[in-house]
Every structure is written in C-alpha cells, then in structure tokens.
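What shape does this take:
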Amino acid sequence: MKRTLRLFPVLLALCLTLTACGSAESSEESSGRIITDSCGRTVTVPDQVERIVPLGNAPRLVAYLGLADKVAAVPQCEHTDNPLMAYAYVNRALWQDLPNVGNDSLGAGEWYAEEILASGADVVICTYDADTADDIQSQTGIPTVAVASPPLFSEAYDDALRLVAQVCGAEQRAEELIACIRDSLADLASRTAEIPGAEKPLVLGAGATFKGSHSIDGVYANYPVFQVLSARDAALGISDTVGGLLVDREQILSWNPDILFFDASSMELIQADYAADPAFFQQLKAVQTGQLYQWPNSTWHSTNVEIPLVSAYWVGQLLYPEAFSDVNIEEKAAEIFGLFLGQADYLDTLNASGYGYQAVELGA
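Okay, here's the model as predicted:
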C-alpha cells in the first residue's frame, strides 16, 4: 500500500501530540466502543460517530448505508461527474466542496495525514491492510477501522456492510441492503438453475474495467453476474481471479461466444479497435449475428453492487426470456437504485449519459 504524507513537520507534530493527549483524556471520561475490524484489530470508536473520513472503497459502503451527509472529507476520485460511479454521482453536490484527503484512483491508495486530521473526523474507515490502518491512526490520532473490500455478491460483502454500520450506528439500514442483495440473488438463481445447459448460449463479458478501460481482450473471469444466473460463461475457471484480466485474442476466437457484453465505458476503445482491425472481430459469431450489448460498468474505482444487481436481471431477460417474462426491468431497476442510491430513476441517468443497457453495432 502506497502511503503519502503531506505534513508541516513542527506544527503538525505539535497538533498530533495534543490530539493524542486529548484522546487519552477523553478515553478516561468515556471508554467508547471497542470494534474488531476486518483485519482483527481492536479499535475504540466514539459512542456517537458524526464525522467520517472514508478511504479506499469505504466511501461507497458509507453512501450505501445512508451516511453520505456524515462524510467530512473524501479522496480525490470521489469528486466525480461520471454516473458509472453511481454512489458518488448522486452525492456530488454534497461532497463537491469537501477536502481532499487522498488519491485512490487506479488503486493508488494514497492518504494525507494533515488533511485527515484537519477534517475533525470522529473515525476513519478504510479498505486498506492492517499496517496502513495502524499508520493512519498513529499519525492522526483518529480511530481507524479497516474494512474488507470482498468480491461482489459474496457473504463477506455483507460482513463489510455490517462492520461499517456497527461503527456508525446504521445497523438497520445495513440489514435492509443485505436483505435486498440476498433476496435478489435467490430470486435470480431460482429462475435459472434448472434451465438445461443445451438451451444456454455461450456468453462473455469483455471490455472489462480494471485499472482503466480495456478493449475486447479485457475480460471478466468467473463473473458473479453470470454465475448467479448459471450462465455458460466462456471465461469461467480460466483463472482464480474474480474480475477483470487480459487474455490473448486467439483465446477469444477459440471461445467464439454466442453473445458478447461490453462495459459501456470501454465502447470507444472497442469501436477504435474494430476500425483498426475489423477482420478479427468479424470472425466472431456474436459479431456475425449482431449479439453485442453494452451494460453499465460493474466497476468504477472498485466494484458497485446496485448496478450489477440490475445487470443480472437485464442479462437474465436476454438469455432466458421465458424465465424472466414477469420482470419489468424498469421497475426492478427503480426498486434497486431507489434503495441503494436514493434515486429510483437512476436508470434514466445512465441512459441519458450513454452508459445504459443497449444493443451495440460495431463500426456504427
């Protein structure tokens, strides 16, 4: 983990000393609450948390939990106008003037001790390792809780939500989110588990977003959206990785999927790639039959949850129309986006930006 400190040495050292002394005196008056974080560290946090500095993927968790108004400062990448970073986009007016306390773009993992200290935060919540959390806490005097950033749709994700909720007093909200995730996954699985393999098209998620956008050779391996649908995923099992990785283009030709899905933010790259080498693309069955689609990215500065849940229903309708005949995708999207983002019409925002769900044509 890269650590960045921007300190005025003498003044800040004095502030940190006073803060540490103040923290010691406060601990005698009120013991606070002892939290065991995802790294097994024990951290004493205040009984009431009113000001939060979230780092790494923690801003997303904090926003999902309805705590965006308690955020005292954010990393630079949270100041965004990109609707694919949905939780930050819906809170952009609330967060736009907050101090910058780090840079987590492309996994940089930088944090600025002076700015964190100046924010007056009651607690820092980060998705960093134990050593980094210890460093932040020792250099700011602010209780720092490390939270895991686990795979999409995993039960460990539920644990991460519950931990942040425990720190910040949002336990009921966490259970509402978890119930939505679990109920949706159970519903999706029940619709598709018994569909015979012979009736399932071979699919591939490409143009994957990880440390930036990629063309068709960036693919999603072991993709949870496909897994919950029991889809025939061409990239299932090619790696232990859950998420994006690069493959040789000959591998894509070998798979020759029936249907290709692309991240919306990668379409410009893919169209440019097609213009440079149309012969490669035209060998693919999905291109020949026009079975090409874009979906809003699951990943934008780490993994969203609400967008992949909606994507799973949308993909389910495409792959298995009979099994999803009773699902109105606009209503389902409104239900999920309304809960996680507080904006039931967020599908309209994605569509208006060009990042929505749609069929695409290469060379158009």
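
hey, let's count contacts and neighbours off CA atoms from now on
Will do.

How about the contacts made by the closest residue to Gly237 other than its chain neighbours?
Once flanking residues are discounted, Gly237 sits nearest to Asn222: 6.2 Å by CA to CA, 6 or more residues apart in numbering. Contact analysis of Asn222 by CA atoms under 8 Å, 6 or more residues apart in numbering lists Asp233, Ala235, Leu236, Gly237, Ile238, Ser239, Thr241, Val242, Gly243.

Show me which positions of stretch 118-133 end up buried.
For stretch 118-133, the neighbour count (16 or more other CA atoms under 10 Å) marks Ser119, Ala121, Asp122, Val123, Val124, Ile125, Cys126, Thr127, Tyr128, Ala130, Thr132, Ala133 as buried.

start to end distance for it?
For stretch 118-133, the first-to-last residue distance is 18 Å (CA to CA, to the nearest Å).

Show residues contacting it.
Counting by CA under 8 Å, 6+ apart, 1, 3, 39, 41, 45-46, 49-58, 72-73, 99, 109, 142-149, 164 sit against stretch 118-133.

what is the rounded mean pLDDT of stretch 220-231?
Here stretch 220-231 scores 95 as its mean pLDDT.

Tell me the pLDDT of Cys21.
Listed pLDDT for Cys21 reads 44.

can you pull the contacts of the nearest residue to Pro83 once chain neighbours are set aside?
What sits nearest to Pro83 in space, not counting adjacent residues and going by CA to CA, 6+ apart, is Tyr89, at 5.4 Å. Counting by CA under 8 Å, 6+ apart, Tyr89 touches Thr80, Asp81, Asn82, Pro83.

phi, psi of the one residue sitting closest to the centre of the chain?
Nearest residue to the geometric centre of the chain (CA atoms, centre = their mean): Thr303, 2.1 Å. When quoted as degrees, to the nearest 10, the phi and psi of Thr303 stand at phi -90, psi 130.

Tell me the buried residues within the contacts of Tyr89.
Buried among the contacts of Tyr89 by 16+ other CA under 10 Å: Thr80, Asn82, Pro83.

Let me know the secondary structure of the first one.
Right, Thr80. Assigned by DSSP: H, G, I helix; E, B strand; the rest coil, the conformation of Thr80 is coil.

mean confidence for the helix or strand that contains Gln137?
Gln137 is located in helix 130-140, with elements delineated by DSSP states H and E. The predicted model assigns helix 130-140 a mean pLDDT of 96.

quick one, what contacts the residue nearest to the centre of the chain?
Applying CA under 8 Å, 6+ apart to Thr303 gives the contacts Leu152.

so of the buried residues of stretch 118-133, which ones are in strands?
Val123, Val124, Ile125, Cys126 (DSSP state E).

out of those residues, who's nearest Arg173?
Lowest distance from Arg173 to those (CA to CA) belongs to Ile125, with 17.6 Å.

Let me have the contacts of Asn222 in JSON lines, extended by distance to Ile252 and secondary structure.
Shown next, in JSON lines, are the contacts of Asn222 (distance: CA to CA, whole Å; DSSP: H, G, I helix; E, B strand; the rest coil):
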{"residue": "Asp233", "distance to Ile252": "12", "secondary structure": "strand"}
{"residue": "Ala235", "distance to Ile252": "9", "secondary structure": "coil"}
{"residue": "Leu236", "distance to Ile252": "13", "secondary structure": "coil"}
{"residue": "Gly237", "distance to Ile252": "14", "secondary structure": "coil"}
{"residue": "Ile238", "distance to Ile252": "12", "secondary structure": "coil"}
{"residue": "Ser239", "distance to Ile252": "15", "secondary structure": "coil"}
{"residue": "Thr241", "distance to Ile252": "17", "secondary structure": "coil"}
{"residue": "Val242", "distance to Ile252": "18", "secondary structure": "coil"}
{"residue": "Gly243", "distance to Ile252": "17", "secondary structure": "strand"}
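
Can you name the two of those that sit furthest apart?
It's Asp233 and Thr241 that sit farthest apart of the contacts of Asn222, by CA to CA, at 14.1 Å.

Of the two, give the one with the bigger neighbour count.
Asp233 (23 against 13; other CA atoms under 10 Å).

Okay, and the beta partners of that one?
For Asp233, the beta-bridge partners under DSSP bridges are Val203.
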